[in-house]
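Enquirer: Got a predicted model here, sequence first, then my questions.
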Amino acid sequence: MTTRIILVRHGETEWNDQSRVQGHSDIPMNAKGIRQAELAAIALRDELVAAVLTSDLGRAMETGRIIAEQHQAPLSTHPGIRERCWGVWEGLTMAEIARVDPERHAALRRGEWVTPHGAESWRAMKQRILKTIGTFADKHPGKTIVVATHGGTIKAFVSAFLGVRRTGRGSMRISNGGISVVLRRADHWTLETYNSTAHLTDTPESSEPSGKRLIEAAF
């Protein structure tokens, strides 16, 4: 029996647009982000979605609500699929981080896992996400479910079951409104699709600063 898990990253926020680290900061989607969520819902219109799970941060909840309403599917929230807490880096741009924490900023640019003061550890993040998504999948065996969540959450989840120890600079980037698909058979996870963005045709990506690319490449 195969359970299909569709992972959707929330739409863009003003902090995404400004290349600011969000983490647990509860920043709402902007107009472009809402449209990205709507386009993700349209892309999933032919799916038989049994249930939708979101994180308890507003940008993910709103993305999940848009998808759930289309399918008239039950919607639930859980803090276990929140974005990573980035501690003292939250609210800062990459340029600001380079000034106040140059050593960790340099390590991040090299693709290393960094933990600023007050940030969540990689191990804790991976464990909570695997547990939360696994429990949700267990409740809907053989069904298609949607998890509306965050870029870091999706990358941590995928890299955890693939056994990837670190992402490397830019190697696991995921876009706002991007769709990924994971299959679960018993205790085996299979990545079917990663960061599909073909549905985002009327919200073209602008020329992005390196800070935004770096944030999207990091957990």
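Expert: Yep, that arrived. Quick caveat, the model's predicted, so the values are computed rather than measured.
Enquirer: Could you pull out the buried residues of stretch 1-18?
Expert: Neighbour-count burial for stretch 1-18, counted by 16 or more other CB atoms under 10 Å, picks out 3-13, 15-16. The C-beta positions use only the backbone N, C-alpha and C, and glycine is treated the same way.
Enquirer: Tell me the gap between that stretch and the middle of its chain.
Expert: 5 Å (CA atoms, centre = their mean, to the nearest Å).
Enquirer: hmm, back to that, could you dump the buried residues of stretch 1-18 into JSON lines and include distance to Q72?
Expert: Shown next, in JSON lines, are these (distance: CB to CB, whole Å):
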{"residue": "T3", "distance to Q72": "20"}
{"residue": "R4", "distance to Q72": "18"}
{"residue": "I5", "distance to Q72": "19"}
{"residue": "I6", "distance to Q72": "16"}
{"residue": "L7", "distance to Q72": "21"}
{"residue": "V8", "distance to Q72": "17"}
{"residue": "R9", "distance to Q72": "23"}
{"residue": "H10", "distance to Q72": "21"}
{"residue": "G11", "distance to Q72": "21"}
{"residue": "E12", "distance to Q72": "26"}
{"residue": "T13", "distance to Q72": "27"}
{"residue": "W15", "distance to Q72": "32"}
{"residue": "N16", "distance to Q72": "29"}
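Enquirer: mind listing the helices for this protein?
Expert: Using DSSP state H, the helices of the chain run over 14-17, 31-43, 58-71, 94-100, 102-109, 122-138, 151-162, 210-217.
Enquirer: Could you point out which residue ranges in the protein have low pLDDT?
Expert: 165-171, 203-219 (pLDDT under 70).
Enquirer: ok, the buried residues of stretch 1-18 vs D101, which is closest?
Expert: Set against D101, the nearest of those by CB to CB is W15 (18.2 Å).
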